[in-house]
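Student: Provide a 3D model corresponding to the input given below.
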Amino acid sequence: MIEEKTQQKIITDDAKKILQERFKELNNTVVLEVFTQEKQNDQYNLITVHFLEELKELSDKIIVHLNQVGDEKSKKYNVTRSPTILLNPEEYNIRYIGAPLGEEGRSFIEAILMVSKKQSGLSQISKDVLARLKEPRHIQVFVTFTCPYCPGQVITAFKAAIEKPGLIRSECIDAGEHLDLAEKFEVGAVPHTVINDQTISRGLELEERLIAEIVTLQPIEPIQEESATKEPTLVDLVIIGAGPAGLTAGIYAARSGLKTIVLEKNIVGGQAAITPVVENWPGFSSIPGKQLMDMISKQAREYVPVLEGERVQEIKIGKYIEAITERNWYFSKAIILATGAEHRKLQVPGEDRFYGHGVSYCPTCDGFLFKGKTVVVVGGGNTAITDALYLKNLGAQVSVLNRGEDFKGEQTLKNSIKKEEIPVLWNTVVEEILGNKSVTGVKVLNTKSKSSTVIQTDGAFVAIGEIPNNQLATDIGLKLDEQGFVQGDRFGRTNIPRVYVAGDLTGGVRQITTAVGAGTTAATSVFEDILHPYWVSQKR
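Tutor: Residues are numbered from 1 along each chain as shown. Here you go, the predicted structure:
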């Protein structure tokens, strides 16, 4: 049993106030059975116990029992790893294998609330699909404490266990704390979902898709509702994308009096949320990207609904602008596209094959899995430098492969690379990513000597720029430049009246600050144009 105490509080005073308010929603008692074992993740055991001791002081409906791996209770519940937390094990088979730290703290609080309410919170279509399940399912979601995408996948798995308590066992497993399990299932990117010992998916999925996979044990496309059979939601403005541009546009539009909704296909924050450290945001010399986006998101939600997991499938232009998602149907007077950009691929042999097995585009999500290992970062801009510094700080042995003779990034970041003594291979391009089950090396070409060599490495993090998420823009006929970015004027207006654009989707200087400015401008233009539609006067 862990008895050591620490003077440092794990839950801050501000967080306590927020949690106390949330715990007012608790309906029934939640029993947390905690299991620890000496010499197995001692540091995480200690933090877990102290965290839960502080947590139980915030509500009399939270009860914490401390146990040891190997005692009778651990045998009863088949607990063999430390730390492990079970939530109301007499009712549900939900457990955390590893400390619920960092990003996973969010899913842990949500899990407590769901267990207390004894309601899964699944959509009706998910409940209908899950009602078909007749055989047991063991769901394991591998996570890291820095991955912002992981909590969404974990929460859906827990919802399934609450909906089908007799058939579904759901586990959140910290891959960094339990490397043997992670290696068993070849976890190289998170969230990594295993069902009945079979890898089903890598990455965050919509609820309906994961639920369907739980039933079928097959990676499948989501089962969709017929949105057109629903009554449409009428608003003044639909914003597609909840990154810095979309969230800021939502704030300004709502403050102008426009009934607005923000739709996001994944999680709030966009690429800014997975940026390890932001050092050029005014007012903060240094701030984690996720923390910054949480602050912006919190403010935006005070003004507008921000709906995650709402992937817009189609836009129709008519008397109203229609946005059709997998779940709903929206009619609006105007629309702002703030769908951003995604990571550019190397397009070399082995890249797709080893994605999730050593190839990654997100050091914030996957970097912890490479602690103590050798990795290369491919790229020469700010993102590549930031990624290399972040991975070095995690304890990885990092080198950078740069096709040029100098970095394109900021001088401050260049200086940091030199200060940290991170090796850089100049005039170097990747020809192939090598490996067996996972990455073992990269074949590179020196563009000056024209000689090829193989660099031994456990992982390759790719940071070579971005390509626009322009499918919706292309579908409705917006003008694009030769790189595929949407062309808009300085007010965010596009070639189609009532359709506006903001953020990285427009190309140019792709920074958080410029995205915020573009979101402000686009929302202001929408407000002015609804009052004084310029396209009407043009027709006359």
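Student: In space, not sequence, find me the middle residue of the chain.
Tutor: Central residue of the chain (Cα atoms, centre = their mean): Tyr149, 2.5 Å from the mean position.
Student: so that one makes contact with Gly203?
Tutor: Yes - judged on Cβ atoms under 8 Å, Tyr149 makes contact with Gly203 at a distance of 6.9 Å. No exception for glycine: its C-beta is placed from N, CA and C like everyone else's.
Student: what touches both of the two?
Tutor: Pro191 (Cβ atoms under 8 Å, 6 or more residues apart in numbering).
Student: contacting residues for Lys259?
Tutor: Lys259 sits next to Leu234, Val235, Asp236, Leu237 when contact means Cβ under 8 Å, 6+ apart.
Student: Ok, Phe461 next?
Tutor: Phe461 neighbours (Cβ under 8 Å, 6+ apart): Ser360, Tyr361, Pro363, Gly367, Val375, Val376, Val377, Val378, Asp387, Leu391.
Student: Please settle this for me: is it part of a strand?
Tutor: Yes - inclusion of Phe461 in a strand is indicated when DSSP: H, G, I helix; E, B strand; the rest coil is applied.
Student: Figure out the helix or strand that the closest residue to it other than its chain neighbours lives in.
Tutor: Distances taken as Cβ to Cβ, 6 or more residues apart in numbering place Val377 nearest to Phe461, at 4.8 Å, with adjacent residues excluded. Using DSSP states H and E, Val377 maps to strand 374-378.
Student: for that strand, what is the average pLDDT?
Tutor: Throughout strand 374-378, pLDDT has a mean value of 97.
Student: just checking, next helix/strand downstream of that strand?
Tutor: Going down the chain from strand 374-378, the next helix or strand is helix 382-394, by DSSP H and E.
Student: in that following helix, what's buried?
Tutor: Within helix 382-394, the residues that count as buried by 16 or more other Cβ atoms under 10 Å are Asn382, Thr383, Ala384, Ile385, Thr386, Asp387, Ala388, Leu389, Tyr390, Leu391, Lys392, Leu394.
Student: Is it possible to get TSV of those that adds distance to Asp529?
Tutor: Converted to TSV, these look like this (distance: Cβ to Cβ, whole Å):
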residue	distance to Asp529
Asn382	35
Thr383	35
Ala384	40
Ile385	40
Thr386	38
Asp387	40
Ala388	44
Leu389	43
Tyr390	42
Leu391	46
Lys392	48
Leu394	47
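Student: which stretches of the stretch 301-450 of the chain have low pLDDT?
Tutor: For the stretch 301-450 of the chain, no stretch is flagged by pLDDT under 70.
Student: Could I get the full set of strands for it?
Tutor: 306-308, 312-317, 321-325, 329-332, 334-337, 341-343, 359-360, 374-378, 397-401, 424-425, 428-435, 439-446 (DSSP state E, counting those that start in this stretch).
Student: What is the burial count for Gly257?
Tutor: 10 (other Cβ atoms under 10 Å).
Student: tell me the mean pLDDT for the helix of greatest length in the chain?
Tutor: Across the chain, the longest stretch assigned as helix under DSSP state H is helix 512-531. Helix 512-531 carries an average pLDDT of 96.
Student: now swap in stretch 61-73 and tell me
Tutor: Per-residue pLDDT over stretch 61-73 has a mean of 96.
Student: How about stretch 27-35?
Tutor: Averaging pLDDT along stretch 27-35 gives 97.
Student: Quick check: nearest residue in space to Gln313, chain neighbours excluded?
Tutor: Once flanking residues are discounted, Gln313 sits nearest to Ile324: 5.6 Å by Cβ to Cβ, 6+ apart.
Student: what's the domain layout of this protein?
Tutor: As assigned by automatic domain parsing, the chain contains the domains 13-216, 236-342+489-539, 359-464.
Student: tell me how far the ends of the longest one are from each other?
Tutor: Counting by Cα to Cα, to the nearest Å, the length from the leading to the trailing residue of domain 13-216 is 45 Å.
Student: Give me the residues contacting the helix or strand containing Gln299.
Tutor: Element membership for Gln299 (DSSP H and E) is helix 289-301. With Cβ under 8 Å, 6+ apart as the test, helix 289-301 has contacts from 103, 148, 242-244, 247-248, 250-251, 262, 268-270, 272-278, 281, 284, 306, 364, 512.
Student: now the angle between helix 512-531 and it, please.
Tutor: 20 degrees (axes from the mean of the first three to the mean of the last three Cα atoms, to 10 degrees).
Student: tell me which residues of helix 289-301 are tucked away?
Tutor: Result for helix 289-301 [16+ other Cβ under 10 Å]: buried residues Gly289, Lys290, Leu292, Met293, Asp294, Ile296, Ser297, Ala300, Arg301.
Student: Of those, which is the nearest to Ile335?
Tutor: Minimum distance to Ile335 across the buried residues of helix 289-301 is 17.2 Å, recorded for Ala300 (Cβ to Cβ).
Student: circling back: mind listing which of the contacts of helix 289-301 are in strands?
Tutor: Using DSSP state E, the subset of the contacts of helix 289-301 located in strands is Val262, Val306.
Student: any weak-confidence spans in the stretch 1-150 of the chain?
Tutor: For the stretch 1-150 of the chain, the ranges with pLDDT under 70 are 1-7.
Student: please redo it, this time with the cut-off set to 50
Tutor: 1-6 (pLDDT under 50).
Student: which residues in it form strands?
Tutor: Remark: strands assigned in the stretch 1-150 of the chain by DSSP E, counting those that start in this stretch are 30-36, 62-68, 84-87, 94-97, 137-143.
Student: Let's have the ones you listed in CSV, adding mean neighbour count and distance to Asn427.
Tutor: Output for the strands of the stretch 1-150 of the chain, formatted as CSV (neighbours: other Cβ atoms under 10 Å; distance: least, Cβ to Cβ, whole Å):
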stretch, mean neighbour count, distance to Asn427
strand 30-36, 22, 52
strand 62-68, 16, 57
strand 84-87, 24, 50
strand 94-97, 25, 45
strand 137-143, 24, 38
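Student: now for those strands, which one comes closest to Val194?
Tutor: Closest approach to Val194 among these is made by strand 137-143 (4.3 Å; Cβ to Cβ).
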